[in-house]
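Following is a predicted model, sequence given first.
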Number of protein chains: 2
Amino acid sequence: MIVGMGRWEPNARGRLEQAALELYVERGYEQTTVAEIAERAGLTERTFFRHFADKREVLFAGAGTLQDLLVTAVAGAPDAVAPLEAVAAALEAAGALLQERREYSRRRQSVIDANPALQERELIKLAALASALAGALRRRGVTGPAASLTAEAGIAVFKIAFERWIGGTSQPGLPQLIRESLDELKAVTAGR
Amino acid sequence: MIVGMGRWEPNARGRLEQAALELYVERGYEQTTVAEIAERAGLTERTFFRHFADKREVLFAGAGTLQDLLVTAVAGAPDAVAPLEAVAAALEAAGALLQERREYSRRRQSVIDANPALQERELIKLAALASALAGALRRRGVTGPAASLTAEAGIAVFKIAFERWIGGTSQPGLPQLIRESLDELKAVTAGR
């Protein structure tokens, strides 16, 4: 059903995501039911549950994709590339994909910021992401605490670039903000 | 009741902390009740609730103290000290205090690691800590994303030093591991 749909007709998954976010913004996350999401998307509850485990996962389904993308990019970076550069390049690639979805990302964040349980979930996903990145670096031969530190530094850079990105309007794109945050981190650690 | 107790007789708060942790390790966090903690400490439930809001807060009561200590240390650092150095010095001071409690910290961590809800709580506390540190840096005149990046970098350094510290036996003390992690972060961001 997903494959082969035209450009202007979002697939079921995309329609459910869109409908869920609309409802979370309009009525609040807590007040929205899966039945309402399915109805708004013009689909059945059964279709909803084919795509998402529950209404919370609609907001976090992208985290798995993001993680796979980052891990693959870090694994695929040339051997000569320094660990933090490999992470930064992976984050920029992810940023370029997210770039198209600023309005969606902004509304999603406003829903998360309004709900402590969703904030906790977001922190868990970020911690898992840092962990996966550290694992990818270790498989590249980065040893000891350097792998975890590089991964945590990368996540910090991404988080801050992301906040600036959704907070702004006409500012630079997400990949550029990631690069700027990385440079800022380098300046900060160099004591400048 | 707390004030004036002798060195070898822990105060009520300390006894409750100790009793709670013993029970969490022996029986599991979920299975332990406040009544059991009070009984093990030789105190009443009423005394428990004078010190802690619930059984979860016994594990996180130290977070507020840690945050106050870090914020005060950052605020009090001489003007000439670079932001990351101010944070590092604050973390080392906190590390020197924690240093005395390695066995306690290790057991506490094993309880947290075994319970996803406690892990979420820990991440929330760390995020709040990063936020408080960023605020303290802004009050020192650190502007823009540099404040958040420095704070996040500091928390990453602390987290990784802490993990090494509780994971080790005869290794260096926590303040030294914090300094080593910071140097490692500097090396990583300098591309070494």
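Nice, thanks for sending it over.

how deep is residue A:34 tucked in, by neighbour count?
16 (other CB atoms under 10 Å in any protein chain shown). In this view, the C-beta of every residue, glycine as well, is placed from N, C-alpha and C.

Show the contacting residues for it.
Residue A:34 makes contacts with A:45, A:48, A:49, A:54, A:55, as judged by CB atoms under 8 Å, 6 or more residues apart in numbering or on different chains.

Reformat those into CSV and put pLDDT next to each item.
Output for the contacts of residue A:34, formatted as CSV (pLDDT from 0 to 100):
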residue, pLDDT
A:45, 96
A:48, 96
A:49, 96
A:54, 95
A:55, 96
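
of these, closest to chain B?
Of all the contacts of residue A:34, chain B sits closest to residue A:54, with 15.9 Å by CB to the nearest CB.

excluding its backbone neighbours, what's nearest residue A:138?
In this structure, residue A:138 finds its nearest non-sequential neighbour in residue A:147, 4.8 Å apart by CB to CB, 6 or more residues apart in numbering or on different chains.

Go ahead and confirm that neighbour touches residue A:87.
No: between residue A:147 and residue A:87 there is no contact under CB atoms under 8 Å: 10.2 Å.

before we move on, which element is the residue nearest to residue A:138 in?
Using DSSP states H and E, residue A:147 maps to helix A:145-167.

Convert that helix to CSV, retaining C-alpha atoms only.
In CSV, the C-alpha atoms belonging to helix A:145-167 read as follows (Å, rounded to 0.1, in the frame of the first residue of the first chain):
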residue,chain,number,x,y,z
PRO,A,145,36.0,6.6,26.9
ALA,A,146,36.7,8.4,23.6
ALA,A,147,33.9,6.5,21.8
SER,A,148,31.3,7.5,24.4
LEU,A,149,32.6,11.1,24.7
THR,A,150,32.5,11.5,20.9
ALA,A,151,29.0,10.2,20.7
GLU,A,152,27.8,12.3,23.6
ALA,A,153,29.4,15.4,22.1
GLY,A,154,27.8,14.6,18.8
ILE,A,155,24.3,14.3,20.4
ALA,A,156,24.9,17.6,22.3
VAL,A,157,25.8,19.3,19.0
PHE,A,158,22.7,17.9,17.3
LYS,A,159,20.4,18.8,20.1
ILE,A,160,21.5,22.4,20.3
ALA,A,161,21.5,22.8,16.5
PHE,A,162,18.0,21.3,16.4
GLU,A,163,16.7,23.7,19.1
ARG,A,164,18.1,26.6,17.2
TRP,A,165,16.6,25.3,14.0
ILE,A,166,13.0,24.9,15.2
GLY,A,167,13.3,28.1,17.1
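
can you list the residues of chain A near chain B?
For chain A, the residues in contact with chain B (CB under 8 Å from any CB of the partner chain) are A:82-85, A:119-121, A:123-124, A:127, A:144-146, A:148-150, A:152-153, A:156-157, A:159-161, A:163-164, A:180-181, A:184-192.

what about burial for these, which qualify?
A:82-84, A:119-121, A:123-124, A:127, A:145-146, A:148-150, A:152-153, A:156-157, A:159-161, A:164, A:180-181, A:184-186, A:188-189 (16 or more other CB atoms under 10 Å in any protein chain shown).

Can you pick out the residue with more neighbours from residue A:147 and residue A:87?
Counted by other CB under 10 Å, residue A:147 and residue A:87 do not tie: residue A:87 has more neighbours, with 28 against 22.
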